[in-house]
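K.L.:
dropping a prediction and its sequence here:
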Amino acid sequence: MTGNLRWLAFIGVLGLMVLISSCSGSQSYGNRSDKYARSKQNRSGRGTITYREKGRPEKAEKSLEEKEIMYRVHKANPSSTTSVKRDEIVNAAQKYLGIPYKYAGKTPQEGFDCSGFANFIYNQNGFRTAGPSHELAMMGVFKSREDLESGDLIFFGSENRISHVGIVVSNREHGLVFIHSSSSSGIKTDEVNGSEYWNSRYLFGRDLLSTLMSSN
């Protein structure tokens, strides 16, 4: 009997240790967009997540909950000015179809990489963005895939790294279409839903326009 009691006690302690380790070892993120922002925050050592527009003071970015509230307000009160600007961004981007890919390229003359193209189009339309794709991913507000609109940015990669950014062209029943600088073909459009490659690497979308226009 004593041996049985000892065995039961051992099993109980082991079960308790497994339960504790499984609870303490997990961390839940509201979405992968917030996960990347938190990761960036930890690497920089700053206490707040920030974004910067050239010529403007640095602003503390909203918490994830505040971002979602902010997005719902924008969605409930659509701005015709924002809608026009979305069309202008897409039209501007499509003018550069066929421009070749160039690593770290930022102009039509030299070619574009993915973030160089996104920044060029936004800058051309009056928004002072800069930086690689993982920095662009910290701007604006998170947007679910089904709510993405023309002019929003979408990001691709793995659970640990953002490797690509594109600009949404349309998001209708036929699928999510984006324009980007592809390393193989230069500036082109692709459909996320119809591509196993892009669909499997899709991470999240961000609405920069609503935030940037409201801050002007």
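P.N.:
Thanks, I have the structure now.
K.L.:
I'd guessed Asp152 sits against Val168; true?
P.N.:
Yes - between Asp152 and Val168 there is a contact under CB atoms under 8 Å: 4.6 Å. C-beta: built from backbone N, CA, C; applies to glycine.
K.L.:
identify the contacts common to those two.
P.N.:
Shared contacts of Asp152 and Val168, defined by CB atoms under 8 Å, 6 or more residues apart in numbering, comprise Gly205.
K.L.:
pLDDT at His174, what is it?
P.N.:
Per-residue pLDDT puts His174 at 74.
K.L.:
report all helices and strands that the longest strand along the chain contacts.
P.N.:
Looking across the chain with DSSP state E, the single longest strand is strand 162-172. If you count contacts as 3 or more CB pairs under 8 Å, 6 or more residues apart in numbering; DSSP states H and E, strand 162-172 packs onto helix 80-94, helix 114-124, helix 133-136, strand 153-157, strand 175-182.
K.L.:
return the helix or strand in the chain with minimum mean pLDDT.
P.N.:
Scoring the helices and strands of the chain by mean pLDDT, DSSP states H and E places strand 50-51 at the bottom, with a mean of 31.
K.L.:
Phe142 looks like it's in a strand, true?
P.N.:
Yes - the assignment for Phe142 is a strand, going by DSSP: H, G, I helix; E, B strand; the rest coil.
K.L.:
give me the number of residues near it?
P.N.:
Neighbour count of Phe142, defined by other CB atoms under 10 Å: 20.
K.L.:
pLDDT on stretch 153-169, on average?
P.N.:
95.
K.L.:
thank you kindly, that will do.
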